[in-house]
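Participant: With the sequence up front, the predicted model follows.
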Amino acid sequence: MEYLKHYDEWRKNSYFDKEFIKELESIKDDQKEIQDRFYKDLEFGTGGMRGIIGAGRNRMNIYNVRKATQGLANYINNLYGEKSSVVIAYDSRIMSKEFAMESALVLGANGIKAYLFEDIRTTPELSFSVRELGAQGGIVITASHNPSEYNGYKVYGADGGQLIPEFANKLVDEVSKIKNWSDIKYIDEFEALEMRLLNYVGKNIDKVYFDRVVELSINKDVFTKGKLKLLYTPLHGTGGYGVTSVYSMLGYKIDTVKKQMVADGNFPTVEYPNPEELKAFDLAIKMAKENGHDIIIATDPDCDRVGIVVKGRDGEFVPLNGNQIGALLLNYILENKKVDDSYRMIKTIVTSDLGKAIAEDHGVETIDTLTGFKFIADKIEHFKDEKFLFGYEESYGYLYGDFVRDKDGIITSMLVGEMALYYAEKDKNLLEVLDGIYKKYGYYKEGLKSIVLKGKEGMDKIARIMEHFIAEDIKEVSGSTVLSKMDILNSKEYLYSNGKTEDIMLPKSKVVKYKLENNGWVAIRPSGTEPKLKIYASVNSDNLQSTEEKLNNIMNDFAEMIDKIE
C-alpha cells in the first residue's frame, strides 16, 4: 500500500529531527493512523493549508511549513525579483510561533526580508501591515475557529488580500515542484538577524492600525455616553489587545471575560473557539447574567470573525447569525453615512439577499462574489470610479473601510458596540432594530447544514456528490419551483423557464446554486478548509412562521437527496 511506503520513507529520513521520528515510531502498529497521516500530502490549496498538528505527510508540522514557504519564496522571487519582503503574523494556537519563525527563516535563506510580529497579532492587522510596510506578501499562521489540534497557513498578496485563484494556483504549482527536502533553503535565526533578513515588528504598527480603526467610527459620542454594558471575549485568541485598545481610545471601558482573555491554544474554557456556535458563549452569558451586560461580542482565535449575543426585553440572551449581523451593520452605516450611486456593497453568493435589498433601498449597488473574503478584497482592489462601502459573508466575516483587505474582527467589534449604543439612545435594542428591518424588507431566513466526511473515503464521497449535482437537473425542491441552476464550475446558468443558458462571470469553483421562486435559493459546495460538504438555503416571505417552515422543508429535502447518493 502506497501510504505504508511513504510512512517508511519518512521515518527513515535523516532530514527529520529525533522527536519527529519518535512520534512516527509511536504509531507503527496503528494502520488507521498511518493511513490518515500518509495517504496524501497536506494539501496546499488556493486557501493555503490547514490540518491537524503532528508528524506525517498529511499533518501540520515544521517540515510542511518549510516546504510551503519555499514554494512561496520561489513564487515571490519569480514575480518581484530582489528586495522583496513578506509580513508574518501568528495566533495563539499550539506551534503558531514556531511555524511563523520557520517561515521567516526559509524566506531569509531565499533573500526575502521577513517582517515577523514579536508576539501574537490578529489576521486583519496582518492584512493592514502588508500594505502599510509595502511588502510583496504576507503569511498568517492560524486555523481560524477550528479545534485546538489544528493549525494552518494562509498567504496574502501585495494588496493585503488572500491570493485569488489566478495567483494562488501559480503558488500551488511552485509548492508542488518541490520534490526533495534538499530543495528547501534554510538559515538560522542569528544569521537572519545579522543579515537584516529577519525584522521584528512591534507596537509601532499597532498604533497606526488602531488609529485608522478609530477613524472609522461614525458616531463617536455614543461611547462616552455609554448607555449599555458591553462584554467582550476573544475566546483565548488574539483579539483582546486590539479590541480593548480601540474601545479605550474611544473613551469606553469594555468589560471582558477574564479567563478567556488569556491567549491559550488549548482553548481550555470552550469546546470549539468558534463565535458562530452558541456554546462558545456559555461562560460569557453566565457572566453577563450576573453583571447585567446587554451585548456580548466574541471574536475567533485570529480575530477575523465576530459573533454577538443580545439581551432581549425579557432578559434572555439571543444569538444573531452572520447574515443578521451583516444586515444590521449595513443598515446602521447607510442610516448614518451620506452615500451616492458610486458606492458598492459586496457580499458572497451564499450570503442572504437581505443586505442587497437594504443597499438597493439606499441607491447602493450590490456585487456578488464567490465564497471567500479574498474575492471581496479583489473587487475592492480593482475598483476605479466605484467606492467600497461594506462587505460581508454569512460566515461571520465583515469589513468596513478599505485599508484592511480581509474580514476584520476589531473594526467589527467596535462598530457592533457603537451601533448598539446608538440605538439604545433611541430606546431600541438590536433585536428590535432587526425586526424593523424584516418588517420593511421581508422576513429573510437562511440555513446552513455541514456534513462532515473525513479521510480519503469522505473526500471521495464529497467529489461524487458534487458530480451528481453538477450533472443533475432538479426542477422542484419542497414544493418550490426551481427557476435556474448555476453551475459555477462550468461557468453556466441553466434557465429552466425558457431553456436558455447564460454565462456566469465568476471564477470557476465547485459550487452549484439553485434559484427558487419568491427569491429563495439553495446551494451546495465543499468546504475549502475542512472535510465538510456545506448546504446553504435562503427563503423570504412576509411572515416569520411561513419563512421558517419553508426553510426547514428545503434543508431537509436537500439533505435527503444527498443521503441517497452512494
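Facilitator: Everything's here; your move.
Participant: And the spatially closest residue to Arg121 that is not a sequence neighbour, which helix or strand is it part of?
Facilitator: Among residues not flanking Arg121 along the chain, Ala89 sits closest, at 4.4 Å (C-beta to C-beta, 6 or more residues apart in numbering). In this view, the C-beta of every residue, glycine as well, is placed from N, C-alpha and C. Element membership for Ala89, per DSSP states H and E: strand 85-90.
Participant: okay, the angle between the very next helix or strand once past that strand and strand 85-90?
Facilitator: For strand 85-90, the following helix or strand on the C-terminal side (DSSP H and E) is helix 96-109. Regarding helix 96-109 and strand 85-90, their directions subtend 170 degrees when assessed with axes from the mean of the first three to the mean of the last three C-alpha atoms, to 10 degrees.
Participant: quick one on the thing from earlier: and the residue nearest to Arg121, bridged to which residues?
Facilitator: Bridge pairing for Ala89 (DSSP bridges) gives the partners Val140.
Participant: isn't it right up against Val140?
Facilitator: Yes: with contact defined as C-beta atoms under 8 Å, Ala89 reaches Val140; the gap is 4.8 Å.
Participant: Overlap in contacts, these two.
Facilitator: Shared between the contact lists of Ala89 and Val140 (criterion: C-beta atoms under 8 Å, 6 or more residues apart in numbering) are residues Thr123, Leu126.
Participant: neighbour count winner among those two?
Facilitator: For Ala89 against Val140, the residue with the higher neighbour count under other C-beta atoms under 10 Å is Val140, and the figures read 33 against 30.
Participant: Isn't the more buried one up against Gly160?
Facilitator: No: at 11.3 Å, Val140 does not count as touching Gly160 under the criterion of C-beta under 8 Å.
Participant: Okay, Met249 and Gly48: tell me how far apart.
Facilitator: In this structure, Met249 and Gly48 are 32 Å apart, going by C-beta to C-beta, to the nearest Å.
Participant: swap that for Tyr396, sorry
Facilitator: Applying C-beta to C-beta, one obtains 19 Å for the distance of Tyr396 from Gly48.
Participant: Would you mind splitting this structure into its domains for me?
Facilitator: Taking automatic domain parsing as the domain assignment, the ranges for the chain are 40-201, 208-441, 445-563.
Participant: Ends of the second one, what's the gap?
Facilitator: Using C-alpha to C-alpha, to the nearest Å, the gap from the first to the last residue of domain 208-441 comes to 39 Å.
Participant: Under the pLDDT cut-off, which ranges of the stretch 101-250 of the chain? List them.
Facilitator: Within the stretch 101-250 of the chain, no stretch has pLDDT under 70.
Participant: And the helices in it, which stretches?
Facilitator: For the stretch 101-250 of the chain, the helices identified by DSSP state H, counting those that start in this stretch occupy 123-132, 165-176, 189-194, 203-215, 221-225, 239-249, in order along the chain.
Participant: out of these, nearest to Gly152?
Facilitator: Shortest distance between Gly152 and those, using C-beta to C-beta, is found for helix 123-132: 10.9 Å.
Participant: Could you check the angle the closest one makes with strand 85-90?
Facilitator: In terms of direction (the same axes, to 10 degrees), helix 123-132 departs from strand 85-90 by 170 degrees.
Participant: If I take helix 123-132 and helix 203-215, what angle do their directions form?
Facilitator: On the basis of the same axes, to 10 degrees, helix 123-132 is oriented at 100 degrees to helix 203-215.
Participant: one step back: grab the CA positions of the strand holding Ala89 and hand them over as CSV.
Facilitator: Listed next in CSV are the C-alpha coordinates belonging to strand 85-90 (Å, rounded to 0.1, in the frame of the first residue of the first chain):
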residue,chain,number,x,y,z
SER,A,85,9.6,41.4,1.8
VAL,A,86,6.8,39.4,3.5
VAL,A,87,5.0,40.2,6.7
ILE,A,88,4.3,37.2,9.1
ALA,A,89,1.8,37.1,11.9
TYR,A,90,0.6,34.2,14.1
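Participant: which one of the helices of the stretch 101-250 of the chain is the most hemmed in?
Facilitator: helix 123-132 (a mean of 27; mean count of other C-beta atoms under 10 Å).
Participant: Can you tell me what sits against that helix?
Facilitator: Residues external to helix 123-132 that are found in contact with it (C-beta under 8 Å, 6+ apart): 87-89, 91, 115, 117, 135, 137-140, 142, 154, 156-161, 201, 205-206, 208-209, 212, 238, 242, 302-304, 403-411.
Participant: Need the buried ones from these selected in ChimeraX.
Facilitator: The following ChimeraX line selects those of the contacts of helix 123-132 that are buried, judged by 16 or more other C-beta atoms under 10 Å:
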select :87,88,89,91,115,117,135,137,138,139,140,142,154,156,157,158,159,160,161,201,205,206,209,238,242,302,303,304,403,404,405,406,407,408,409,410,411
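Participant: before we move on, the earlier item: and the residue nearest to Arg121, how far from Tyr444?
Facilitator: Noted for Ala89: a distance of 35 Å to Tyr444, by C-beta to C-beta.
Participant: Quick check: mean pLDDT of stretch 318-334?
Facilitator: Averaging the model's pLDDT scores along stretch 318-334 yields 97.
Participant: In contact with the nearest residue to Phe373 once chain neighbours are set aside: list those residues for me.
Facilitator: Ranked by C-beta to C-beta, 6+ apart and with sequence neighbours excluded, the top spatial neighbour of Phe373 is Lys407, at 4.9 Å. The contact partners of Lys407, taken as C-beta under 8 Å, 6+ apart, are Pro124, Asp304, Arg305, Phe373, Gly391, Tyr392, Glu393, Gly397, Tyr398, Leu399.
Participant: Now flag whichever of those residues is closest to Gly520.
Facilitator: Comparing those against Gly520 with C-beta to C-beta picks out Glu393 as the nearest, at 19.0 Å.
Participant: Is it correct that that closest one is in contact with Ser352?
Facilitator: No: with contacts defined as C-beta under 8 Å, Glu393 does not count as touching Ser352, sitting 10.1 Å away.
Participant: Identify the contacts common to these two.
Facilitator: With contacts defined as C-beta under 8 Å, 6+ apart, the residues shared by Glu393 and Ser352 are Gly326.
Participant: Distance check, Glu381 against Gln162.
Facilitator: 12 Å.
Participant: quick one, which of those two is more surrounded?
Facilitator: Gln162 (26 against 16).
Participant: Contact partners for the more buried one?
Facilitator: Residues touching Gln162, when contacts are defined by C-beta under 8 Å, 6+ apart, comprise Gly47, Gly48, Lys154, Val155, Tyr156, Ala168, Gly372, Phe373, Lys374, Ala377, Asp406.
Participant: Backbone dihedrals for Gly391, please?
Facilitator: Gly391 has phi and psi values of phi -140, psi 140 when expressed as degrees, to the nearest 10.
Participant: Pull the contacting residues for it.
Facilitator: Taking C-beta under 8 Å, 6+ apart as the contact definition, Gly391 lies against Met345, Ile346, Lys347, Phe373, Ile376, Lys379, Ile380, Tyr398, Leu399, Lys407.
Participant: quick one: it and Leu370, what's the gap?
Facilitator: Gly391 is 13 Å from Leu370, where distance means C-beta to C-beta.
Participant: ok, now Asn64?
Facilitator: For Asn64 relative to Leu370 (C-beta to C-beta), the value is 27 Å.
Participant: Next step: the contacts of Lys407 restricted to strands.
Facilitator: Gly391, Tyr392, Glu393, Gly397, Tyr398, Leu399 (DSSP state E).
Participant: For those residues, which entry has the maximal number of neighbours?
Facilitator: Gly391 (30 neighbours).
Participant: beta partners of that residue?
Facilitator: Here Gly391 sits in beta bridges with Ile346, Leu399, going by DSSP bridges.
Participant: What ranges does the stretch 351-500 of the chain have for its helices?
Facilitator: For the stretch 351-500 of the chain, the helices identified by DSSP H, counting those that start in this stretch occupy 354-361, 373-381, 409-424, 430-441, 455-471, in order along the chain.
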